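# Fold the following, please.
(one chain, ligands or ions: 2)
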Amino acid sequence: MDFSEQFSLKGKVALVTGASYGIGFAIAKAMANAGATIVFNDLKQELVDKGIAAYKELGIDAKGYVCDVTNEGQVNNLVATIEKEVGVVDILVNNAGIIKRIPMCDMSADEFRLVIDVDLNAPFIVSKAVIPSMIKKGHGKIINICSMMSELGRETVSAYAAAKGGLKMLTKNIASEYGEYNIQCNGIGPGYIATPQTAPLREVQPDGERHPFDKFIISKTPAARWGDPEDLGGPAVFLASDASNFVNGHILYVDGGILAYIGKQP
Ligand code: NAP
Ligand code: GCO
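Residues are numbered from 1 along each chain as shown. Ligands and ions are numbered 1, 2, ... in the order given. The predicted model follows:
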């Protein structure tokens, strides 16, 4: 296999969850450019239609479906439909996710459960739905979108940190349990990426100043900038391609150096 072939996704079907915009969209775009056929889902038809149009503008013929990834029945239907209409899912990216920024003692148990449901239970449900056909086909790649909060905590994100820490361990367990079937399951841990999810942390202040959290993140990031969703494209293609066939159970942090850095000396 020549060098570029190793990174090619030609002939592969990639399902990226929650990929109408944001990180999922950028990952799907990179995978399409590497040759994959893109399938994605989102919660609402309106978002799916917007996503399809945005892919089309880039010359990508993506197929989109409405599906709530926390609903096992809907997920099983989605995977059966994809197998019938497009083919077996070779690459799954568990990207759909939510965050609630609420101090822990003010957070209700229902709010906590909702975050766990979307960010941890859903990757379990979707992975479980695609693994049997991957085993039959003889290969599969699962990429779980983890977080800085798979390693670190901070005020107000207890549910998110618990879910993303759990997702890191689910990643290692899928790798352990299905590695023998030539399935590689790895995670990507994005740093702070400029998407709608983090927009409230970057809001310009009434006096025109940058948000204090925005300044804080820049000071904590050796790259001295927020990540762009496009920064995740190359790492995702690597983990979806034959180039990573012996990489399993690994979390690839794409964070501009945050986890390596103790912070600026006073
Ligand atoms: P985003 O802009 O909020 O996009 C998330 C997508 O997931 C949206 O399209 C959302 O649809 C969809 N979604 C949410 N719940 C869903 C469900 N139950 N079923 C199906 N789709 C659902 O987020 P993002 O910033 O691109 O983040 C993508 C992933 O990366 C998430 O897992 C996030 O935790 C993770 N991450 C983000 C950052 C960051 O700095 N942005 C850093 C590390 C990790 P709706 O619009 O309908 O809600
Ligand atoms: C927050 C952020 C983060 C990021 C990301 C970091 O409020 O701290 O939203 O959690 O979204 O997951 O990797």
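# Only C-alpha atoms from now on, for both contacts and neighbour counts.
Fine.
# can you point me to the longest helix in this structure?
helix 158-178 (DSSP state H).
# For Tyr102, which three-state class applies?
Tyr isn't right for residue 102; it's Ile. Under the three-state scheme (DSSP: H, G, I helix; E, B strand; the rest coil), the conformation of Ile102 reads as coil.
# Could you give the number of residues near it?
The burial count assigned to Ile102 is 16, neighbours taken as other Cα atoms under 10 Å.
# isn't it right up against Tyr160?
No. The pair Ile102 and Tyr160 fails to qualify as a contact (Cα atoms under 8 Å) at a distance of 10.3 Å.
# picking up where we left off before, any idea how far whichever helix or strand comes after the longest helix of the chain is from the chain center?
Downstream of helix 158-178, the next assigned helix or strand under DSSP states H and E is strand 183-190. Distance of strand 183-190 from its chain centroid, counting by Cα atoms, centre = their mean, to the nearest Å, is 9 Å.
# Also stretch 60-69?
Put simply, stretch 60-69 sits 15 Å off its chain's centre (Cα atoms, centre = their mean).
# And stretch 53-64, by the same measure?
Averaging C-alpha positions (Cα atoms, centre = their mean) puts stretch 53-64 19 Å from its chain's average.
# What residues does the stretch 51-200 of the chain have near ligand 1?
67-70, 95-98, 118, 145-147, 189-198 (Cα under 6 Å from any ligand atom).
# quick revisit: just the CA coordinates for the longest helix of the chain, please, in PDB.
The C-alpha atoms that make up helix 158-178 are tabulated as PDB, following Å, rounded to 0.1, in the frame of the first residue of the first chain:
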ATOM      1  CA  SER A 158     -19.900  18.100  36.500                       C
ATOM      2  CA  ALA A 159     -22.300  16.100  34.300                       C
ATOM      3  CA  TYR A 160     -20.200  16.800  31.100                       C
ATOM      4  CA  ALA A 161     -17.000  15.900  32.800                       C
ATOM      5  CA  ALA A 162     -18.500  12.700  34.200                       C
ATOM      6  CA  ALA A 163     -19.900  11.800  30.800                       C
ATOM      7  CA  LYS A 164     -16.700  12.600  28.800                       C
ATOM      8  CA  GLY A 165     -14.500  10.800  31.400                       C
ATOM      9  CA  GLY A 166     -16.800   7.800  31.000                       C
ATOM     10  CA  LEU A 167     -16.600   8.100  27.200                       C
ATOM     11  CA  LYS A 168     -12.800   7.800  27.500                       C
ATOM     12  CA  MET A 169     -13.200   4.500  29.300                       C
ATOM     13  CA  LEU A 170     -16.000   3.300  27.000                       C
ATOM     14  CA  THR A 171     -13.500   3.900  24.200                       C
ATOM     15  CA  LYS A 172     -10.800   1.800  25.900                       C
ATOM     16  CA  ASN A 173     -13.400  -0.900  26.600                       C
ATOM     17  CA  ILE A 174     -14.700  -1.200  23.000                       C
ATOM     18  CA  ALA A 175     -11.100  -1.400  21.900                       C
ATOM     19  CA  SER A 176     -10.500  -4.200  24.400                       C
ATOM     20  CA  GLU A 177     -13.600  -6.100  23.700                       C
ATOM     21  CA  TYR A 178     -13.600  -5.900  19.800                       C
END
